[in-house]
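[1] Below are the sequence and a predicted model for it; my questions follow.
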Amino acid sequence: MKIKLLERTVPPRRDSEILDILGSIAPSMVMSLIQTTSDCVKVLSVDGRLMFVNQIGLDELMGGAMDEVRDTVWSAYWPAVARPALEEALDLTLGGRHIYCEVPRPTEDGMDRLWSINLTPIYTHSEEVEAVLVMSRDLTANANYPPLYD
C-alpha cells in the first residue's frame, strides 16, 4: 500500500507566539481541547513511543488503558502495510514538518475505517523537537472523500 504524505513547515517560534496571545489560559484550553474533541489525540516521544492518548483514542484505536499502552510503539497499532509510511511521517515530523496522511485501519470492534492523521512537532524553548502531537480522525462517514492511498 502506498500512502501519500502531505507536508508543510511548522516554524518553531509559532508555539511562543500562541502562548503570548493566549497567556495563562493556554494550559486550560489545551486540556479542554483534549477532553472534548472526538479526535484521537496522542503525544509520542521522539522514538515513536506513546506518552499520552486521550480517552476516545484509547477506546477507538488502542483498546486499553493508558498504563497498558504507555511507552508502546505507536506504529505497531496500525496495519503492517502502513507502518513504513507512518514511520516516515514521524521522521519528517521530527525534522520540523507537519505531516498529513490517510490510512485505513479497523477499530477495536473490527469495523474498517479510514483515518486522517496529522503529525505536528512539539518544540522545547530552545526550538528542538521534544515530542510529536498526533491527531487521528475517522473519515469513513464521508463517502465522497477521495482517498490519498492506493
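    Great, that's in hand. Note that the coordinates shown come from a computational prediction; the quantities given were computed from them, not determined experimentally.
[2] how much space between the closest residue to P79 other than its chain neighbours and M62?
    Of all residues not flanking P79 in the chain, R105 sits nearest, at 5.9 Å (C-beta to C-beta, 6 or more residues apart in numbering). Yep, even glycine has a C-beta here, placed from its N, CA and C like the rest. Applying C-beta to C-beta, to the nearest Å, the value for R105 to M62 is 12 Å.
[3] Check T120 too.
    From T120 to M62 the distance is 20 Å (C-beta to C-beta).
[4] Quick check: bridge partners of P121?
    In this entry, P121 is beta-bridged to V132, by DSSP bridges.
[5] give me every residue that touches it.
    10, 12, 93-94, 96-98, 129, 131-133 (C-beta atoms under 8 Å, 6 or more residues apart in numbering).
[6] got a pLDDT number for L61?
    pLDDT recorded at L61 is 67.
[7] Could you tell me how many residues sit around E128?
    As a burial measure, E128 scores 11 neighbours (other C-beta atoms under 10 Å).
[8] Starting from A141, give me the distance back to it.
    Relative to A141, and taking C-beta to C-beta, E128 is found at 38 Å.
[9] Quickly note the distance from the residue nearest the centre of the chain to G110.
    When C-alpha atoms, centre = their mean is applied to the chain, the residue found nearest the centroid is V134 (1.4 Å). Note on V134: its distance to G110, by C-beta to C-beta, is 23 Å.
[10] again with R137
    Counting by C-beta to C-beta, the gap from R137 to G110 is 19 Å.
[11] Compare these two (neighbour count), which wins?
    Per other C-beta under 10 Å, whichever of R137 and G110 has more neighbours is R137, with 16 against 6.
[12] Quick check, pLDDT for that one.
    So, for R137, pLDDT stands at 87.
[13] Hmm, W115 and it touching each other?
    Yes - between R137 and W115 there is a contact at 6.7 Å, judged by C-beta atoms under 8 Å.
[14] circling back: of R105 and M62, who's got more company?
    M62 (20 against 17).
[15] So what's the residue count around R70?
    R70: 13 surrounding residues under other C-beta under 10 Å.
[16] list the contacts for it?
    50-52.
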